[in-house]
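>>> Predicted model and sequence below, questions to follow.
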Amino acid sequence: MSLRPSLLSLRITAAVQSILMLAQVALAGGFLGGHFDMLALHGTLGRVITVVAVLMAVAAFFVRRSGGPTSILPASIVIVVALVGQIALGLARSVALHVVLGVVLACALAVLAQRVLTTPLPARTPAVPARDEAVQPEPVK
């Protein structure tokens, strides 16, 4: 896979990840505000966010393999590991650590999304050369 499609895939997963994280923060705030029915949806969305983070790490691998920025892959892997820890803290009902790690994750994802979305896309390469650019054979003498 070339750099352009890899980077587009990474941009899509980073944007989706950011939107899901905003929804997750809203659900957490609702739960902490007394709307206890939001907890089940918060848990489900946490798992979805983790799956999207794995997809983002895979896309970051292809970006790095295609010659793109190298710093995105390690950050994506750290986020996946932190999200697994976040799920474990939530299931253990360790609210204080869960909230702190959630804030750190939201900030880290915002920074990573900003980095990904501002990385310039490489120019498109035409699949077939234009007629004007086609190589003409030299005349025979």
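Received, thanks.
>>> What segments of this protein are helices?
Secondary structure of the chain (DSSP state H): helices located at 3-32, 38-65, 72-91, 95-117.
>>> Give me the buried positions along stretch 34-46.
38, 42, 45-46 (16 or more other C-beta atoms under 10 Å). No exception for glycine: its C-beta is placed from N, CA and C like everyone else's.
>>> Kindly present these as CSV, with separate columns for pLDDT.
Listed next are the buried residues of stretch 34-46 as CSV, based on pLDDT from 0 to 100:
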residue, pLDDT
Met38, 92
His42, 95
Leu45, 97
Gly46, 96
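>>> For those residues, please prepare JSON lines with the additional fields distance to Leu22.
What follows is the buried residues of stretch 34-46, written out as JSON lines (distance: C-beta to C-beta, whole Å):
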{"residue": "Met38", "distance to Leu22": "14"}
{"residue": "His42", "distance to Leu22": "13"}
{"residue": "Leu45", "distance to Leu22": "11"}
{"residue": "Gly46", "distance to Leu22": "14"}
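>>> which regions of this structure lie under the pLDDT threshold?
1, 125-137 (pLDDT under 70).
>>> quick one: contacts for the residue nearest to Ile77 when sequence neighbours are not counted?
Distances taken as C-beta to C-beta, 6 or more residues apart in numbering put Ala57 closest to Ile77, at 5.5 Å, once the chain neighbours are dropped. Ala57 makes contact with 73, 76-77, 79-80, according to C-beta atoms under 8 Å, 6 or more residues apart in numbering.
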